[in-house]
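S.K.: My questions concern the predicted model and sequence given below.
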Protein chains: 2
Amino acid sequence: MLDKVLRIGVLYDYYGALLTDRQKECLEMHYFQDYSLSEIAEEFNVSRQAVHDILRRTELILEEFETKLRLVERRQTEQKQIRQAYELLNGLPSEVLQQPQVSKALEILERLLET
Amino acid sequence: MLDKVLRIGVLYDYYGALLTDRQKECLEMHYFQDYSLSEIAEEFNVSRQAVHDILRRTELILEEFETKLRLVERRQTEQKQIRQAYELLNGLPSEVLQQPQVSKALEILERLLET
């Protein structure tokens, strides 16, 4: 379940803006605020099954966006490469690391790894 | 017009996979294969006005994806930072550039700038 929550979380970060308000609300309540299906159903005055269907459909939509755009996959590959460059430079002898060009470049790469 | 073609080209690179086949075909023929509206209309057996509408609507859809996801904007910002790190390192004295960690890091950054 944790794996699923993480996966949904990552996909939601990338593609959430393309969902409807209802889809976003259900997903957030269920996955990130730990509401049960019944509690969400009560909140929206619909059946538990309807909430289940919205969630399932929304998950499929998110996966479909990823199949088409591959943003998460591309981003992970890119982050891996930036990390590799960062670690290579960070392992240089301290007299090289102290050069302002090197420390500035490392700073930029570090920022790219955080965003 | 060149600016517009470039803009559409970039947006299409990012979001083209989310368009319908008809939208993709019209856009490609008009912007990248230089067909006139009338020629596309003839090809699909629809009116020139219909082609005009499809193109206009498709352009709006692409811009709407960018408004929501900001992929092009984010990518450009990131590429600018990678280029900055690359140039800082590339300006190091040659005895530093010859260190394998540095040349390998530069290679990685160069590859990231190409993709």
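M.R.: Sure thing, it's come through.

S.K.: any residues touching the longest helix along chain A, and which ones?
M.R.: Counting residues, the longest helix in chain A under DSSP state H turns out to be helix A:48-69. Here helix A:48-69 makes contact (C-beta atoms under 8 Å, 6 or more residues apart in numbering or on different chains) with A:8, A:11-12, A:14-15, A:18-19, A:22-23, A:26-27, A:30, A:37-38, A:40-41, A:44, A:71-73, B:14-15, B:17-18. The C-beta positions use only the backbone N, C-alpha and C, and glycine is treated the same way.

S.K.: Narrow those to those in helices?
M.R.: Among the contacts of helix A:48-69, DSSP H puts A:8, A:11-12, A:14-15, A:22-23, A:26-27, A:37-38, A:40-41, A:44, A:71-73, B:14-15 in helices.

S.K.: Pull out the buried residues from those residues.
M.R.: Listed as buried from the ones in helices among the contacts of helix A:48-69 are A:8, A:11-12, A:14-15, A:23, A:26-27, A:37, A:40-41, A:71-72, B:14-15; burial here means 16 or more other C-beta atoms under 10 Å in any protein chain shown.

S.K.: Now the two most distant members of those residues.
M.R.: Spatially, the most separated pair among these is A:41 and B:14, at 37.0 Å (C-beta to C-beta).

S.K.: what does chain A put close to chain B?
M.R.: Proximity of chain A to chain B, by C-beta under 8 Å from any C-beta of the partner chain, involves residues A:14-15, A:17-18, A:65, A:68-69, A:71, A:78, A:81-82, A:84-85, A:88-89, A:91-92, A:96, A:99, A:101-102, A:104-105, A:108-109, A:111-112, A:115.

S.K.: In helices, which of those residues fall?
M.R.: The members of the residues of chain A next to chain B that map onto helices under DSSP H are A:14-15, A:65, A:68-69, A:71, A:78, A:81-82, A:84-85, A:88-89, A:96, A:101-102, A:104-105, A:108-109, A:111-112.

S.K.: Drop anything exposed from these.
M.R.: A:14-15, A:65, A:69, A:71, A:81-82, A:85, A:88-89, A:96, A:101-102, A:105, A:108-109, A:112.

S.K.: Distance-wise, check residue A:49 relative to chain B.
M.R.: 30 Å (C-beta to the nearest C-beta, to the nearest Å).

S.K.: ditto for residue A:39
M.R.: Distance, residue A:39 to chain B, using C-beta to the nearest C-beta: 29 Å.
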